[in-house]
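1. The sequence and its predicted three-dimensional model are supplied below.
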Amino acid sequence: MLNFNQEKYLQVTRGAVALRSEIEEIVEKVSQQEYKNIFLLGSGGAVATFYPFEYMIKSTSSIPVYAEIAAEFVVMNNQQFNEKSLVILSSLSGTTEETVAAAKYCKEKGATTIGITGEYHKPLADTVDYPIVNYAENDFAGDSNQLILSFLIFNLMHKKGDFPKYEAFAEQLEALPELLLGVKEEADSKACEFAETYKDEPYHILVGAGNTMGRAYSYAMCVLEEMQWIKTKSIHAAEFFHGTLEIVEEDTSMILLKGEDETRPLMERVERFAEKYTKKLTVFDTQDYELKGIVPEFRKYLSPIVTSTVLQRVSVHLEEKRNHSLETRRYYRKVAY
Ligand SMILES: N[C@@H]1[C@@H](O)[C@H](O)[C@@H](COP(=O)(O)O)O[C@@H]1O
């Protein structure tokens, strides 16, 4: 596959899977402290990665959960937050100012903090009570984070008595590095074709729902906008019919991220609309991938990670066809703001 280092991919994703017992020990300890709610804090792509997990907790468990943008969280005086909160923060670099500030704020208030990050001896790992560290670069960080979060979040729900099948699910997660590699291989020609067709497209509407909404938000903002400088709009499938539909013309590109959770009918409604009103419709559907061995009841929980692993192939092809490196920035971490 173009610009793909299989060895590195397996090293990163197997590295995430290898953290399972360490994560379970952390869950054991924090569960004994009887936390009252969970806060998921990050910035940009990191908070976006939390959104599907917020959805999955809400639809699987009665634990109150709040995914919050780190910078807003520290100024809003959130009344749900106190020393009985369990806070999970995520920052690949471990240096994102707003996220580090949120970690410090939570520590000062006496809450328990877990940090998912790429390196030790960086501000996030140094601040939180429990760092969970797996080295990754931008390209594979999404898969790494989501694997770690799958063990962490589902085990937390299990300990609260809300996800009795955790053991079976965790065993299935262990097979994901190889399965996701297979997904990338299967998706690659579609990704290449998309990049060729849309390399000069100035604007895309990305639609998600349920546990793919966060993926739509982050792919629009952190890849198409940040890494490719293409204008986008990300919108929830149900909300699409309350405004965004009015700008659709036959040459408006729409990208639908279909997953397999309860919200799939909401996506199908948008799909039916799009088929009628635009000639530029692309659907990335997790159902297209076999995921051999994954039992049907767990598939819906894997929609976000399957979606992002597929979209990562799209990014690589866009980079090549548009001759625009995924690393180029004008402003981000380049100028003061
Ligand atoms: N534009 C970047 C994103 O691409 C990145 O995902 C985010 C978090 O970075 P980190 O995970 O290092 O905290 O920061 C910014 O928002």
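-> Right, received. Where do you want to start? Numbering: from 1, shown residues only.
2. Please tell me how far Cys54 sits from Leu10.
-> For the record, residue 54 is Glu, not Cys. Per CB to CB, to the nearest Å, Glu54 is found 29 Å from Leu10. For glycine as for every other residue, the C-beta is placed from the backbone atoms N, C-alpha and C.
3. In terms of neighbours, single out the busier of the two.
-> The neighbour count for Glu54 versus Leu10, taken as other CB atoms under 10 Å, is higher for Glu54 (21 against 15).
4. Checking the more buried one next. Helix, strand or coil?
-> helix (DSSP: H, G, I helix; E, B strand; the rest coil).
5. Would you list the phi and psi of the closest residue to it other than its chain neighbours?
-> Take Glu54 and drop its neighbours on the chain: the residue closest to it by CB to CB, 6 or more residues apart in numbering is Ala67, 4.0 Å away. Main-chain dihedrals, Ala67, degrees, to the nearest 10: phi -90, psi 120.
6. C-terminal to whichever strand or helix holds Pro265, which secondary structure element comes first?
-> Per DSSP states H and E, Pro265 falls inside helix 264-277. Next in sequence after helix 264-277, counting helices and strands by DSSP H and E, comes strand 281-285.
7. Show me what that next one packs onto, helices and strands only.
-> The contact analysis (3 or more CB pairs under 8 Å, 6 or more residues apart in numbering; DSSP states H and E) places strand 281-285 against helix 176-198, strand 253-258, helix 264-277, helix 303-322.
8. now those as TSV including mean pLDDT and mean neighbour count?
-> Output for those, formatted as TSV (pLDDT from 0 to 100; neighbours: other CB atoms under 10 Å):
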stretch	mean pLDDT	mean neighbour count
helix 176-198	98	18
strand 253-258	99	24
helix 264-277	98	17
helix 303-322	98	24
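9. closest one to the ligand among these?
-> Closest to the ligand of the helices and strands packed on strand 281-285 is helix 303-322 (CB to the nearest ligand atom; 11.9 Å).
10. and the helix holding Pro265, what other elements does it pack with?
-> strand 203-208, helix 237-240, strand 253-258, strand 281-285.
11. which bits of the stretch 1-150 of the chain sit near the ligand?
-> Contact residues (CB under 6 Å from any ligand atom) of the stretch 1-150 of the chain with the ligand: 43-46, 91-93, 96, 99.
12. could you flag which of those residues are buried?
-> 43-46, 91-93, 96, 99 (16 or more other CB atoms under 10 Å).
13. Just the ones of these in helices?
-> 45-46, 99 (DSSP state H).
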